[in-house]
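Q: Pasting a predicted model and its sequence here:
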Amino acid sequence: MSGSDHSFVEVCLYEVRTDKVDEFEALVRRVAAHHRAANGSRDVRYVRRTHRAGDFNAVKQGKPAVPLVRASKTVTYILYWELDGAKDHGRATKSGLEHFYREFRRCLVTAPKILLGTRIE
């Protein structure tokens, strides 16, 4: 990739109340469709955290990830959203917030952690 071919990426971590999981998952299906339709959008993925890495020795030995089993007060979700550039991201984010902000807020325990950057590979 040359310097001008690098896409813009948002990775977002959401902590969702356990009693709002079904509502949140239905919401992100609608949000993902909205994001995919945005000009400049390349990829949109939502992931529900279901596993954790074992200890370092287990990882070095190639053992599989460990399923989460303990009851928790929140469920973690991750958004991976790739767009052509930062301007496309700004326009698409504005539109998404105008349509879905209140519904998101009802489901979340805290404000999402948003990471933004340029894809290098």
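A: Yep, that arrived.
Q: pretty sure L108 is touching V21, no?
A: No. Between L108 and V21 there is no contact under C-beta atoms under 8 Å: 11.7 Å. Backbone N, C-alpha and C define where each C-beta goes, glycine included.
Q: Quickly find the element holding R45.
A: strand 41-48 (DSSP states H and E).
Q: residues near T76, how many?
A: By the criterion of other C-beta atoms under 10 Å, T76 has 14 neighbours.
Q: now K63
A: Residues near K63, counting by other C-beta under 10 Å, number 12.
Q: Would you confirm that it contacts G54?
A: Yes. At 5.6 Å, K63 counts as touching G54 under the criterion of C-beta under 8 Å.
Q: What ranges does the protein have for its strands?
A: Under the criterion DSSP state E, the chain carries strands at the ranges 8-17, 41-48, 51-52, 66-67, 74-83, 113-118.
Q: and those strands as TSV, adding distance to F100?
A: Output for these, formatted as TSV (distance: least, C-beta to C-beta, whole Å):
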stretch	distance to F100
strand 8-17	12
strand 41-48	13
strand 51-52	27
strand 66-67	30
strand 74-83	12
strand 113-118	15
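Q: do you know which of the ones you listed lies nearest E103?
A: Nearest to E103 among the strands of the chain is strand 8-17 (11.9 Å), distances taken as C-beta to C-beta.
Q: What would the closest one look like as PDB? C-alpha coordinates only.
A: Only the C-alpha atoms of strand 8-17 are listed here, as PDB (Å, rounded to 0.1, in the frame of the first residue of the first chain):
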ATOM      1  CA  PHE A   8      -9.100   5.000   8.300                       C
ATOM      2  CA  VAL A   9     -10.100   2.700  11.100                       C
ATOM      3  CA  GLU A  10     -12.200   3.000  14.200                       C
ATOM      4  CA  VAL A  11     -12.000   0.300  16.900                       C
ATOM      5  CA  CYS A  12     -14.500   0.800  19.600                       C
ATOM      6  CA  LEU A  13     -15.000  -1.000  22.900                       C
ATOM      7  CA  TYR A  14     -18.500  -1.100  24.400                       C
ATOM      8  CA  GLU A  15     -19.400  -2.300  27.900                       C
ATOM      9  CA  VAL A  16     -23.100  -3.400  27.700                       C
ATOM     10  CA  ARG A  17     -25.400  -4.000  30.700                       C
END
